[in-house]
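S.K.: sharing a model prediction with you, sequence too.
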Protein chains: 2
Amino acid sequence: MKSSGILTVGSELLRGSVLDTNSHFISCRLEKFLIEPKIKITVPDVKYAIKRELKRLLKEVDIIFITGGLGPTPDDLTAEALSEALSLPLIKYEEEEKKLLSKLKKKNLPINEYNLKQIYLPEGVSVMDNKYGTAPGFYIKHNGIYIFCMPGVPSEMRSMFIDSVEGILEDIAGRAEKKSLIVKTIGISESALAELIYNSGILDGYEFSMIPKTDGVHIEIILKDVAEVSILKDGLSKVIGSSIYGYDEDTLPNIVMDLSVSNSFTLSCAESCTAGLLSKLITDVAGSSKYFKGGITAYSNEIKSNILKVRNSILREFGAVSEECARWMAEGCRELFKSDFSVSITGIAGPGGGTPKKPVGTVCLGISTPNFTKTYKRLFSGSRHDIREKSAYNALNYIRIAMLNYRDQKPLNPQLL
Amino acid sequence: MKSSGILTVGSELLRGSVLDTNSHFISCRLEKFLIEPKIKITVPDVKYAIKRELKRLLKEVDIIFITGGLGPTPDDLTAEALSEALSLPLIKYEEEEKKLLSKLKKKNLPINEYNLKQIYLPEGVSVMDNKYGTAPGFYIKHNGIYIFCMPGVPSEMRSMFIDSVEGILEDIAGRAEKKSLIVKTIGISESALAELIYNSGILDGYEFSMIPKTDGVHIEIILKDVAEVSILKDGLSKVIGSSIYGYDEDTLPNIVMDLSVSNSFTLSCAESCTAGLLSKLITDVAGSSKYFKGGITAYSNEIKSNILKVRNSILREFGAVSEECARWMAEGCRELFKSDFSVSITGIAGPGGGTPKKPVGTVCLGISTPNFTKTYKRLFSGSRHDIREKSAYNALNYIRIAMLNYRDQKPLNPQLL
């Protein structure tokens, strides 16, 4: 197993103007290789700081990934820092000049000294093509340590990593067998899960962590042998039961899509407090148009009654945040979109709008199926953002359960859902 | 100015199962204080690694922020690592035990050894309350260096930071005057911006960076004096013009909300390729219900024609991704939701579905106002995610321009938009 370190460069990452997603992306991709990320470090656009951390990492790891600081502006200093740290002069890469000029022309960008700066790289590096941007990336093997420098713009870095870096990593380190098993649960607390797991003894001797997220608590187990996977899945499923919705790369939007497509189910959604988030999560998955007919954000009562046909008496008597309203919304939505299943969400995401009877976090959900409509009332904690995400993911989980029941022709008593 | 370092703890952060948003949140909040974040480090749940980086930071910065590793499970090791690094024994905090037991009861969580572990903390620390979770945070001043330990769950960390940490930071370091000016542009490339700025000389002598994002290129300028803000804004606005949509905390959803609310405009949206993302971005802002009536995800042609009343002949002749379809969608949406303004987005987000004439990234947008409808055709680059985000933010920018024009009673010739 090779060790690696990730160095992300950018004052904007330390000032908070930009959220670093690059190091996370790299970590995810390294799962496929016999490479362990041991540390991540973020430094500002300060040459001294870049050099210092680079020198530290050269002593500690086998592979160094650097992102950021390759662009056209004077605060882009990664090539210079690397040049000084490794004592390699910056030289003009003629071949890159041609590529750059043709890119600038194609993108209708100016040819100026800022753009041309991007083709001066440390002597002896191998260049990596940038599919989406102008700054080339590069890598070098120095005293046995590999150093990869990639741009900071996420789409540019990602395609470069996949297209150029991964092939080299495969040669250097080799592909990994599955290193971990992630078990994804929803609807059960972290400590309740911990109690179930420790009491059962099923993970004794395993290194594992429990990670609470808005789509449930994930249990990440480090495998000793890939052959253990099915035994662990069986055992955990006996202990935790139907709160497990998936493993590893599974996500609720993916699972609902697979279930829908393989059974030719169609889906639509009616959202109030989540207001497009559920629709967005569903359609993050390429191919979702195969089953998702569409959705409506019914943010005002007027829209709930005019478009989704929620009776005004329901809104008056129970309010928009009620199981009754969720039922009408789900049924109205199923009617409007002519889908097999429909899901509705109406709640109080906060920070304002709560009352003693319906505090912030109160969310009502409805699932309308070809046979019946079932509603749920939940109280989610956290910020506006958290409450909206938890609402959307729990809605997807209820849809999953309803589709599974329908597919398996379970007794259609809603109480059994 | 005090220096600070952020240490995020969690194997899941290095393995990629979790994206670290905590260090970004802390960076953003530190903007308000005379505290400069100098470095961010992420280590796994390994006691030795936590101790080593803690000791390093103790030598380099005045304030250390640690997140993660305070939870109920055996891989939560921050308190232990701190206890060893500072030679302070872990002791039971009686007062915290009472609070914990009452929280567990209220949340219907089991009382077990895992949960009780959370009240053993290094001797001499001051405890910080956890509003949303069970693990208390704590801080200590050690040889003049402040160390703050907070939970890793983002909502718990955030409320603890705001409620408990910031008051102490104000005492230690003091509030900062405005330290930077962020100028937000959309519709102009990074290198074209660089050329405009360097040629004008307006930022000569300033440290600044340009950050390309899906909502445009942000220019972040380090201020020498807060009095420079209005001069810089005036100067940059002359050089860059109407591509500037806002400053600092301004976001397109916020700007459109302010513009709508102050002019009593209402808005609705019809989305195809963004499929809820625009509606989600609009409603991320608390208070958006004041002007946003709702939206529709019209993912299939059937829904475009049945609900938004796009003529079948339009879909047949021009296709769903066309300016003609965007026009009908925007107008149909305005009709359906009875809003003053309406925006539509229809495009090819990829990765599949592109053709030579309409490659992936082709997006058509429509803006329907009380006076006319205007359409746009754009080609966005990047991943599915990027194309969807760029589409949604550009739609918001077109809405902004249309609302400004309408408010200022500009000549209503759509060519002038």
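M.R.: Structure received. Nothing here was measured: the structure is a model prediction, and the numbers come from that model.
S.K.: can you list the low-confidence ranges for chain A?
M.R.: Where chain A drops to pLDDT under 70, the residues are A:410-417.
S.K.: any idea how far the residue lying farthest from the centre of it lies from A:Ile345?
M.R.: The C-alpha centroid of chain A is most remote from A:Ser313, which lies 40.9 Å away (C-alpha atoms, centre = their mean). Applying C-beta to C-beta, to the nearest Å, the value for A:Ser313 to A:Ile345 is 21 Å. Placement of C-beta: from N, CA and C, glycine included.
S.K.: wait, is the residue farthest from the centre of chain A part of a helix?
M.R.: Yes. According to DSSP: H, G, I helix; E, B strand; the rest coil, A:Ser313 belongs to a helix.
S.K.: just checking, A:Ala286 touches B:Gly350?
M.R.: Yes. Using C-beta atoms under 8 Å, A:Ala286 and B:Gly350 qualify as a contacting pair, with a distance of 7.3 Å.
S.K.: pull up the overlap in contacts between the two.
M.R.: Jointly contacting A:Ala286 and B:Gly350 under the rule C-beta atoms under 8 Å, 6 or more residues apart in numbering or on different chains are B:Arg384.
S.K.: and those two? Which one has more around it.
M.R.: Counted by other C-beta atoms under 10 Å in any protein chain shown, A:Ala286 and B:Gly350 do not tie: B:Gly350 has more neighbours, with 21 against 13.
S.K.: so what's the residue nearest to that one when sequence neighbours are not counted up against?
M.R.: Nearest-residue entry for B:Gly350: B:Val360, 3.6 Å, with adjacent residues in sequence omitted and distances by C-beta to C-beta, 6 or more residues apart in numbering or on different chains. Neighbouring residues of B:Val360 by C-beta under 8 Å, 6+ apart: B:Ile348, B:Ala349, B:Gly350, B:Pro351, B:Gly352, B:Gly353, B:Gly354, B:Ile387.
S.K.: mind checking the SS state of B:Val360?
M.R.: coil.
S.K.: measure it to chain A for me?
M.R.: Applying C-beta to the nearest C-beta, to the nearest Å, the value for B:Val360 to chain A is 11 Å.
S.K.: and for the one residue in the stretch 101-250 of chain A that gets nearest to chain B, the neighbour number?
M.R.: Using C-beta to the nearest C-beta, the closest approach of the stretch 101-250 of chain A to chain B is made by A:Ser155 at 3.9 Å. Using other C-beta under 10 Å, A:Ser155 is surrounded by 19 other residues.
S.K.: ends of stretch A:124-137, what's the gap?
M.R.: One end of stretch A:124-137 sits 13 Å from the other (C-alpha to C-alpha, to the nearest Å).
S.K.: cool, stretch A:104-112 as well?
M.R.: In stretch A:104-112, first residue to last residue: 10 Å (C-alpha to C-alpha).
S.K.: kindly report the same for stretch A:218-229.
M.R.: Distance between the two ends of stretch A:218-229: 16 Å, counting by C-alpha to C-alpha.
S.K.: right, and A:Asn143 touches A:Leu58 too?
M.R.: Yes. Using C-beta under 8 Å, A:Asn143 is in contact with A:Leu58, at 7.4 Å.
S.K.: the two: who's more crowded?
M.R.: Counted by other C-beta under 10 Å, A:Asn143 and A:Leu58 do not tie: A:Leu58 has more neighbours, with 17 against 6.
S.K.: hmm, A:Ile64 and that one touching each other?
M.R.: Yes. Counting by C-beta under 8 Å, A:Leu58 does reach A:Ile64; the two are 7.1 Å apart.
S.K.: give me the common contacts of the two.
M.R.: A:Ile145.
S.K.: can you pull the buried residues of the lengthiest helix in chain A?
M.R.: When chain A is parsed with DSSP state H, its longest helix is helix A:384-407. Neighbour-count burial for helix A:384-407, counted by 16 or more other C-beta atoms under 10 Å in any protein chain shown, picks out A:384-403, A:405-406.
S.K.: look at A:Ile255 and say how many residues are nearby.
M.R.: For A:Ile255, the count of nearby residues is 19 (other C-beta under 10 Å).
S.K.: cool, A:Ser264 as well?
M.R.: By other C-beta under 10 Å, the residues close to A:Ser264 number 9.
S.K.: how far away is it from chain B?
M.R.: A:Ser264 is 15 Å from chain B, by C-beta to the nearest C-beta.
S.K.: phi and psi next, for that residue.
M.R.: Dihedral pair for A:Ser264: phi 60, psi 40, per degrees, to the nearest 10.
S.K.: show me where the stretch 101-250 of chain A has helices.
M.R.: Remark: helices assigned in the stretch 101-250 of chain A by DSSP state H, counting those that start in this stretch are A:113-116, A:154-160, A:166-173, A:190-200, A:229-240.
S.K.: out of those helices, which one sits most buried?
M.R.: The highest mean neighbour count among the helices of the stretch 101-250 of chain A, using mean count of other C-beta atoms under 10 Å in any protein chain shown, belongs to helix A:154-160: a mean of 23.
S.K.: which residues sit against that one?
M.R.: With contacts defined as C-beta under 8 Å, 6+ apart, helix A:154-160 is touched by A:21-22, A:25, A:67, A:128-133, A:135, A:137, A:150-151, B:381-383, B:386.
S.K.: try 6 Å this time
M.R.: Contacts with helix A:154-160, where a contact means C-beta atoms under 6 Å, 6 or more residues apart in numbering or on different chains, come from A:21-22, A:25, A:67, A:128, A:130-133, A:137, A:150-151, B:382-383, B:386.
S.K.: from those residues, pick the one nearest A:Asp340.
M.R.: Within the contacts of helix A:154-160, proximity to A:Asp340 (C-beta to C-beta) peaks at B:Ser383, which comes in at 30.8 Å.
S.K.: angles on the backbone of the closest one, please.
M.R.: Main-chain dihedrals, B:Ser383, degrees, to the nearest 10: phi -80, psi 170.
S.K.: measure the residue nearest to it when sequence neighbours are not counted to B:Thr185 for me?
M.R.: Excluding its sequence neighbours, the residue lying closest to B:Ser383 (C-beta to C-beta, 6+ apart) is A:Ser155, at 5.3 Å. Noted for A:Ser155: a distance of 19 Å to B:Thr185, by C-beta to C-beta.
S.K.: ditto for A:Leu54
M.R.: Applying C-beta to C-beta to A:Leu54 and B:Thr185 gives a distance of 32 Å.
S.K.: identify the residue nearest A:Asp215 in space, chain neighbours excluded?
M.R.: Per C-beta to C-beta, 6+ apart, closest to A:Asp215 is A:Tyr393, 4.1 Å.
S.K.: distance check, that neighbour against chain B.
M.R.: Distance, A:Tyr393 to chain B, using C-beta to the nearest C-beta: 14 Å.
S.K.: so what's that residue up against?
M.R.: So A:Tyr393 contacts A:Thr214, A:Asp215, A:Leu252 (C-beta under 6 Å, 6+ apart).
S.K.: burial count for the last one?
M.R.: Pointing back at A:Leu252 there. A:Leu252 has 23 neighbours, counted by other C-beta under 10 Å.
S.K.: next one: A:Ala349
M.R.: By other C-beta under 10 Å, 31 other residues sit near A:Ala349.
S.K.: same thing with A:Lys59?
M.R.: By other C-beta under 10 Å, 7 other residues sit near A:Lys59.
S.K.: check A:Glu317 too.
M.R.: Using other C-beta under 10 Å, A:Glu317 has 11 other residues around it.
S.K.: for the stretch 1-150 of chain A, which residues are neighbours of chain B?
M.R.: With C-beta under 6 Å from any C-beta of the partner chain as the criterion, the stretch 1-150 of chain A meets chain B at residues A:12, A:14-19, A:24, A:27-28, A:37, A:40-42, A:72-73, A:75, A:109-110, A:112, A:114-115, A:132.
S.K.: all set, thanks.
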